[in-house]
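Asker: structure of the sequence below:
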Amino acid sequence: MSTVYEKIRSIQDEYFLLLDQHFVSERSGIQVSLENIGQIHDKAYEIAKQGPLISFEGRDMPALTYKAILLIREIHAFWRQYRTLLYESVAQIPHLALHAKSSFQTLLDEVRSTALYVDTVVADDWLFSMREMLEDRDRPHQGDLGVNVLVEYVYLQALRQLALADVVPPILIICPSPHYADDELRKVSKRISEWLTLQYATQLFGRSFNNLIEVLEYTSIIRDDHHLATKISDPSLIWEQGQSLESKLKHKLAVAEGGLNISGFPPELASSSPGSSLIIHEMAGFDVLAQQQVDNEILQLDPRVSPYHWEGYLWTLSQRKTDTEQNSRFREETAVARILEQPDISWLGNIPTEKLLDMRAQSQMEEMRCLFRDANDRLKYTSPEKFSILATEVSSNLQEALLTHERELRSRTAKDVWGLGVSIGAFIVNGTLSLASVAIPWLAIPAAAIGLGAGLGSVRDVIRRVQRLRKYKSESTARPIGILWDAYSQRAR
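Answerer: Coordinates of the predicted model:
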């Protein structure tokens, strides 16, 4: 293992050892399926209600919140010691890598799909970024915050196998956000998000604003959804699904209201001023994108953009004041990671972790990547205008690869499968014939003589035919296309 990866692996090992020292009793009470997010939250709330109140630093709080605060503080102390070394090591990664800003609750599926193309996903330590919210003395629902930390912790532990896998390059690296760790960088990302919000409001409403105060003053007088719709000059900037502007706004404002509750803004702002609610919601989205731009500059990575922020990300590219066309495009890795989340190929996220690890251990990444790109390397830089066309082509190419694999399976196995009845297949799979030695004379007798079927040759021929089928099936399923085929077949049923 190269020096840079040794450093990264050592830090990851130490980090998960730190995690193991916390929530020890809670872990035993929350062993539920990771596919059932609601059940995990329910279990976490049960645990929170069962614990006593703790007096800590002049305030009373649920025991779970107290434990959460201790965990987050230790995580901050840990990253103060190791983050600079990790940042420097990540910046030296020579393989394809992307930076993800995702909750641990969604990260597992995202990594399982992204890792089919990208060598490494560097993911924000979501717990590290929760400190200010958790320790805000004026913030209500302290019990809920403890629950949120526990839930994120449970999902992070589920990522351990990917983060600590003995493969080079690593599939997953947990990394604290450089933006969040540095006050000066936070000022930079805040300025970027405010500038983007001002550009967005100017284009959305078709009028000039000098600052955000003017934007909020203008939107505060918008009375209701219908009034808001009449004020919008560019409906294409409402990035939601819907048949009409009104239906898109309805969905957007519903999401924005939930976001206001989380952000600390007064939730009544959503109903009293839908225009202000919309702008604040978009500003929060631009803040995420600005943070990611700052982090990517430090870590020397390209972004893995979440589906919800994708349209906003494409729009931000068009706002860059640059003389080079390349700066208004996005890299191959970012494009393919987004394509792999398209609804028609969402089953890719269902590939078992063990299969990913096996593929990495056998150095099959390039074969997998070839399934998603063409020989002309057209993905090197992709313009936003061509993304939908590219997504369709990649999806079609993948579908054709799966169909070709199916035809090859049928072609190569048809000759050996022909004539093997269900009973003989089950007989051999159970091991009765396959364990016999080929040196036994009676194996040379015709298969038909003992009721195995006419035209199959000798009993020895039958056994060898089954061995070939097993060998081919084993080799096929171990290849990247075989891994995809298994996932696709299970999803289709």
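Asker: what's the closest non-adjacent residue to Ala63?
Answerer: Using Cβ to Cβ, 6 or more residues apart in numbering and skipping the chain neighbours, the partner closest in space to Ala63 is Gly51 (3.4 Å). To be clear about C-beta, it is placed using only N, CA and C from the backbone, and glycine gets the same treatment.
Asker: that neighbour is in contact with Leu64, isn't it?
Answerer: Yes. Between Gly51 and Leu64 there is a contact at 5.4 Å, judged by Cβ atoms under 8 Å.
Asker: show me which of these two is the more surrounded one.
Answerer: More crowded of Gly51 and Leu64, by other Cβ atoms under 10 Å: Leu64, with 26 against 18.
Asker: quick check: which element contains the more buried one?
Answerer: Leu64 is located in helix 63-91, with elements delineated by DSSP states H and E.
Asker: counting by contacts, list what that helix packs against.
Answerer: Applying 3 or more Cβ pairs under 8 Å, 6 or more residues apart in numbering; DSSP states H and E, one finds that helix 63-91 makes contact with helix 3-20, helix 37-50, strand 53-56, helix 131-135, helix 142-158, strand 172-175, helix 178-181, helix 274-299.
Asker: how far is it from where the chain is centred?
Answerer: Put simply, helix 63-91 sits 22 Å off its chain's centre (Cα atoms, centre = their mean, to the nearest Å).
Asker: going forward, count from 2.
Answerer: Right, with 2 as the first residue, what we last looked at is helix 64-92.
Asker: what's the first helix or strand after it?
Answerer: Immediately after helix 64-92, counting by DSSP H and E, sits strand 98-101.
Asker: using PDB, write out every CA atom in that following strand.
Answerer: Taking C-alpha atoms only, strand 98-101 is exported to PDB below (Å, rounded to 0.1, in the frame of the first residue of the first chain):
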ATOM      1  CA  ALA A  98     -12.300  10.500  -6.800                       C
ATOM      2  CA  LEU A  99     -15.400  12.500  -6.000                       C
ATOM      3  CA  HIS A 100     -16.400  14.600  -2.900                       C
ATOM      4  CA  ALA A 101     -19.900  14.000  -1.500                       C
END
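Asker: how far is it from where the chain is centred?
Answerer: Using Cα atoms, centre = their mean, the offset of strand 98-101 from its chain centre is 10 Å.
Asker: next one: stretch 284-291
Answerer: With Cα atoms, centre = their mean, you get 19 Å for stretch 284-291.
Asker: may I see the buried residues of it?
Answerer: Residues 284-291 are the ones in stretch 284-291 that count as buried (16 or more other Cβ atoms under 10 Å).
Asker: and stretch 12-25, by the same measure?
Answerer: 12-13, 16-17, 20, 23-24.
Asker: pLDDT below threshold where in the chain?
Answerer: Scanning the chain with the threshold set as pLDDT under 70 gives 2, 32-39, 138-144, 259-273, 321-331, 350, 373-387, 407, 409-480, 491-494.
Asker: can you tell me the centre-most residue of it?
Answerer: Centroid check for the chain by Cα atoms, centre = their mean gives Glu111 as the closest residue, at 1.8 Å.
Asker: mind listing what that one touches?
Answerer: 101, 103, 122, 305, 342, 350 (Cβ atoms under 8 Å, 6 or more residues apart in numbering).
Asker: likewise for Trp240?
Answerer: Per Cβ under 8 Å, 6+ apart, neighbours of Trp240: 253, 312-313, 316.
Asker: try it again at 7 Å.
Answerer: Contact analysis of Trp240 by Cβ atoms under 7 Å, 6 or more residues apart in numbering lists 312-313.
Asker: so it, which of the three states?
Answerer: coil (DSSP: H, G, I helix; E, B strand; the rest coil).
Asker: any idea how the protein splits into domains?
Answerer: According to automatic domain parsing, the chain comprises the domains 4-97+117-171, 178-320, 403-493.
Asker: dump those domains into TSV; add distance to Thr354 as well.
Answerer: Below are the domains of the chain laid out as TSV (distance: least, Cβ to Cβ, whole Å):
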stretch	distance to Thr354
domain 4-97+117-171	6
domain 178-320	18
domain 403-493	12
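Asker: could you find the closest non-adjacent residue to Thr66?
Answerer: Per Cβ to Cβ, 6+ apart, closest to Thr66 is Gly147, 3.3 Å.
Asker: meant to ask about Leu146, not that
Answerer: Leu146 sits nearest to Leu135 (Cβ to Cβ, 6+ apart), 5.2 Å away.
Asker: test my guess that that neighbour contacts Tyr67.
Answerer: No. Leu135 is beyond contact range of Tyr67, at 10.6 Å (criterion: Cβ atoms under 7 Å).
Asker: now the common contact residues for Gly52 and Leu65.
Answerer: In contact with both Gly52 and Leu65: no residue, using Cβ under 7 Å, 6+ apart.
Asker: dump the residue contacts of Leu128.
Answerer: 73, 76, 150, 153-154, 157.
Asker: rerun that using 8 Å as the cut-off
Answerer: With Cβ under 8 Å, 6+ apart, Leu128 has these contacts: 72-73, 76, 105, 150, 153-154, 157.
Asker: again with Arg305
Answerer: 99-101, 103, 111, 115, 119, 122, 334-335, 338.
Asker: restricted to helices, list the residues you listed.
Answerer: Members of the contacts of Arg305 lying in helices (criterion: DSSP state H): 111, 115, 334-335, 338.
Asker: of these, closest to Met369?
Answerer: Thr115 (11.8 Å; Cβ to Cβ).
Asker: doesn't Leu341 make contact with the closest one?
Answerer: Yes. Look at Thr115 against Leu341 with Cβ under 8 Å: they come within range, at 6.4 Å.
Asker: could you measure from the residue nearest to Glu27 when sequence neighbours are not counted over to Leu65?
Answerer: Once flanking residues are discounted, Glu27 sits nearest to Ile48: 5.4 Å by Cβ to Cβ, 6+ apart. Plainly put, Ile48 is 6 Å away from Leu65 if you go by Cβ to Cβ, to the nearest Å.
Asker: could you do Glu58 as well?
Answerer: From Glu58 to Leu65 the distance is 16 Å (Cβ to Cβ).
Asker: part of a strand, is Asp61?
Answerer: Yes. When classified by three-state DSSP, Asp61 is found to be part of a strand.
Asker: tell me the contacts of it?
Answerer: Here Asp61 is in contact with 54-55 (criterion: Cβ under 8 Å, 6+ apart).
Asker: so what sits opposite it in the bridge?
Answerer: Beta-bridge partners of Asp61, counted by DSSP bridges, are Ser56.
Asker: got the buried residues for stretch 68-81?
Answerer: Quick answer for stretch 68-81 (16+ other Cβ under 10 Å): 68-70, 72-73, 76-77, 79-80.
Asker: same question, stretch 104-115
Answerer: 104-106, 108-115.
Asker: what residues do Ile48 and Leu65 have in common as contacts?
Answerer: Going by Cβ under 8 Å, 6+ apart, residues that sit against Ile48 and also against Leu65 are 27, 151.
Asker: all helices for the stretch 202-351 of the chain, in order.
Answerer: 213-221, 226-232, 246-264, 270-273, 275-300, 311-319, 333-340 (DSSP state H, counting those that start in this stretch).
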